[in-house]
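Novice: need coordinates for the following:
(chains A and B)
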Amino acid sequence: MRVLCVAEKPSIAKSVAHTLSGGNVTQVRNSNNKYIKNYDFKFNFGNDIGLSEVTMTSVTGHLSSTDFAAQYAWAKCTPSRLFDAPTIEKIDDNEKKIADNIAKEARYANYLMIWTDCDREGEYIGYEIVKAARTSNSNITLENTLRAQFSHLERTHIVRAAKNPIRLDQNAIAAVATRMELDLRTGASFTRFLTNLYQSKCDKDFGVISYGGCQFPTLGFIVDRYKRVKNFISEPFWYIDLDLRKDGQKVTFRWLRPHIFDRLTAVLFYERSFLEANDRGIITKIESKPTKNWRPLPLTTVELQKNCSKYLRMSAKQVLDCAEKLYNQGYVSYPRTETDSFPKAMDLKDLISKQTQNSQWGTYASDLINNDKFKQPRSGNHDDKAHPPIHPIMHSDGSNLSANEKKIYEYIVRHFLACCSDDGKGSSTTVTLKWGIELFQASGLVVLEKNYLDIYPYYKWESSKQLPKFEPNEPIKITKVELASGETSPPTHMTEAELIALMDANGIGTDATIADHIEKIVARSYVNLQTAPGRGTTKYFVPTVLGMALVDGFNQIGLDNISLSKPFLRKNLELKLKGIVEGSCSRNQVLHEMLDMYRQAFALSNQKQDILVTAYRDSNNLY
DNA sequence: GCAAGGTC
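Specialist: Model (predicted):
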């Protein structure tokens, strides 16, 4: 038998070929694409297929995209036509070459076996591969194509996947086709409409003003926060400020209420206690307990981007680009993953041993494996069924990496070593003091074992003021007790780390695209990245006049059940796509439902376009 | 000149 195996990316093809061949790949042939290789070897699939001549190759993601035919190009038709204009499959030169390689290799194959990632998009890419293979071999159909099910590259797992193939999931394919069509129709129609409108009515020099189901909610998060900061009214509050000296140390106790927004009430509490106790307090409770600082969970893409944005001051896009380069050079594992638990069978100690030669963290790494300090990492609840958590593969001393790549590599290694270490351990003490009728508390922390914190300098967990020794029922002479006031402070503008967290929590974009959406709304001049006075070098996103106008304008139009700048629409679409995958609703049903909604929104926007224009002029005056 | 999703 001859079997053609096709993976989603070259690295998987290489790895799976080496595994299945047992290290005996007989030939590695170049394809017409410089990244893609064709590997020949023998493998016994067992069952009906048996010992076979295998060729393993790959694509590089999708083989095509959806577009409109030439007669529906920009300015060739009115934007509203795009809701029902026919779509075509667009294949660019590079995609054509890759498809040609598949066709050539599939010509004499008895079986086609798909090794794309086991997620929704992976199923669709499998379908695109089947189409490419069919052009040269009509025996290959969607129904008889085999699908390998795998979630990581450990040997026995891959062999089992090869011997127990299933079929491509046609529901998943339909769900992706639905998403593609909806994104194209809604994105293109509103983008052309908005661009035409703003260029003709506001400023002819405007560039493209795009709408996208992910871009707009991303913008919406930033505008929301901006308004909350802008409209914030600070409120005064009162609290009892209490200090005492013990063993020559000043200790400040926090009032347990802990602050009161009504001055008279605060005065009452203060005076009643003062009359009763004057400067005398009593210790009512001392509680000491062991406390832990948990080591981080195995690293996902979203965490990598959030943490590196926060700790290393790099943009999400830069972080992902660096991780991508490190991955392509074999230093780290695949950087786009949602999985936060390591497969049980994975040899983590072997990965740690590769780091022992490093001049900065080598000693820590060898200590982990040689002195029995290794801990099996914690397991989170996320599993994309496609990739393990991000981890280092090969060691690098950093000399052949760019400055930013070096930082990201170091972060990934340190995070990984931290995952495989013990939690930080300490002891916390809470002392409760009664003054008159009121209760106050002071707490202290002693870090006993830093453990993972020794290798993870990004996060600080330090012994805070260690409390002096107190006794239960100990009478205390209070040094200072007075009624103090303060005022509530506004929230800060949106950091990139917060934005990523919001997008992730609301299902806006994927691990691979979150950074792109953020970059897109910057490129479109909807938002800017700025420092805030008095807040150091941390950068915050704030909307531009245009960004504000787009959100305000669409809100003022009063679209009924559709809020373009809120995340619900996308979340809802995700749910419906899941419904298609699970078979509880059909592609056509979802497509019609969503398109009808957008068509109405478009009609209303078109009818009330003056509101959108006015919103921009108002926004110019307001912000 | 448009989207979002893969990946190089």
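Novice: A:G330 - how many residues pack around it?
Specialist: Counted with other CB atoms under 10 Å, residues neighbouring A:G330 total 11. Yep, even glycine has a C-beta here, placed from its N, CA and C like the rest.
Novice: leaving out the residues flanking it, which one is nearest to it?
Specialist: Nearest non-adjacent residue to A:G330, counting by CB to CB, 6 or more residues apart in numbering: A:M394, 5.2 Å away.
Novice: residue ranges in the stretch 451-600 of chain A under the pLDDT threshold?
Specialist: Along the stretch 451-600 of chain A, segments meeting pLDDT under 70 span A:465, A:560-561.
Novice: buried set for the helix or strand A:Y124 falls within?
Specialist: Under the criterion of DSSP states H and E, A:Y124 resides in helix A:120-134. Neighbour-count burial for helix A:120-134, counted by 16 or more other CB atoms under 10 Å, picks out A:120-134.
Novice: likewise stretch A:456-469?
Specialist: For stretch A:456-469, burial by neighbour count (16+ other CB under 10 Å) applies to A:Y456, A:L467, A:P468.
Novice: stretch A:342-355 now?
Specialist: A:F342, A:M346, A:L348, A:L351, A:I352, A:S353, A:Q355.
Novice: please apply the same query to stretch A:391-403.
Specialist: So, applying 16+ other CB under 10 Å, buried residues of stretch A:391-403: A:H391, A:P392, A:I393, A:H395, A:S396, A:G398, A:L401.
Novice: can you flag which of the residues you listed belong to helices?
Specialist: In helices, judged by DSSP state H, none of the buried residues of stretch A:391-403 are found.
Novice: quick revisit: tell me the least confident of the buried residues of stretch A:342-355?
Specialist: Looking at those, model confidence by pLDDT dips furthest at A:M346: 89.
Novice: and that one, what are its phi and psi?
Specialist: The phi/psi pair for A:M346 (degrees, to the nearest 10) reads phi -70, psi 140.
Novice: pick the one among the buried residues of stretch A:456-469 closest to A:F440.
Specialist: A:L467 (13.1 Å; CB to CB).
Novice: what sits against the closest one?
Specialist: Residues in contact with A:L467 (CB atoms under 8 Å, 6 or more residues apart in numbering) are A:V251, A:T429, A:V431, A:A442, A:S443, A:G444.
Novice: redo these as a markdown table? Include secondary structure and pLDDT.
Specialist: Output for these, formatted as a markdown table (DSSP: H, G, I helix; E, B strand; the rest coil; pLDDT from 0 to 100):
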| residue | secondary structure | pLDDT |
| --- | --- | --- |
| A:V251 | strand | 94 |
| A:T429 | strand | 94 |
| A:V431 | strand | 96 |
| A:A442 | strand | 95 |
| A:S443 | strand | 93 |
| A:G444 | strand | 92 |
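Novice: how about these, which pair is most distant?
Specialist: Largest pairwise distance in those, by CB to CB, is 11.5 Å, between A:V251 and A:T429.
Novice: specify the beta-bridge partners of A:K434.
Specialist: The partner list for A:K434 in beta bridges (DSSP bridges) reads A:I282, A:L439.
Novice: from what I see, it and A:E276 are in contact.
Specialist: No - taking contacts as CB atoms under 8 Å, A:K434 lies outside contact range of A:E276: 10.3 Å.
Novice: re the thing from before, wait, which of the contacts of A:L467 is closest to A:L604?
Specialist: Among the contacts of A:L467, A:S443 lies closest to A:L604 (CB to CB), at 56.2 Å.
Novice: which residues does the closest one bridge with?
Specialist: Per DSSP bridges, the residues bridged to A:S443 are A:T430.
Novice: and it, how many neighbours?
Specialist: Neighbour count of A:S443, defined by other CB under 10 Å: 15.
Novice: might you report the residue contacts of it?
Specialist: Per CB under 8 Å, 6+ apart, neighbours of A:S443: A:S428, A:T429, A:T430, A:V431, A:S464, A:L467.
Novice: now for these: which two are most distant?
Specialist: By the measure CB to CB, A:V431 and A:S464 form the most distant pair in these, at 13.2 Å.
Novice: give me every residue in the stretch 251-400 of chain A lying close to DNA strand B.
Specialist: Selection of the stretch 251-400 of chain A residues close to DNA strand B by CB under 7 Å from any atom of the strand yields A:E324, A:Y327, A:N328, A:R336.
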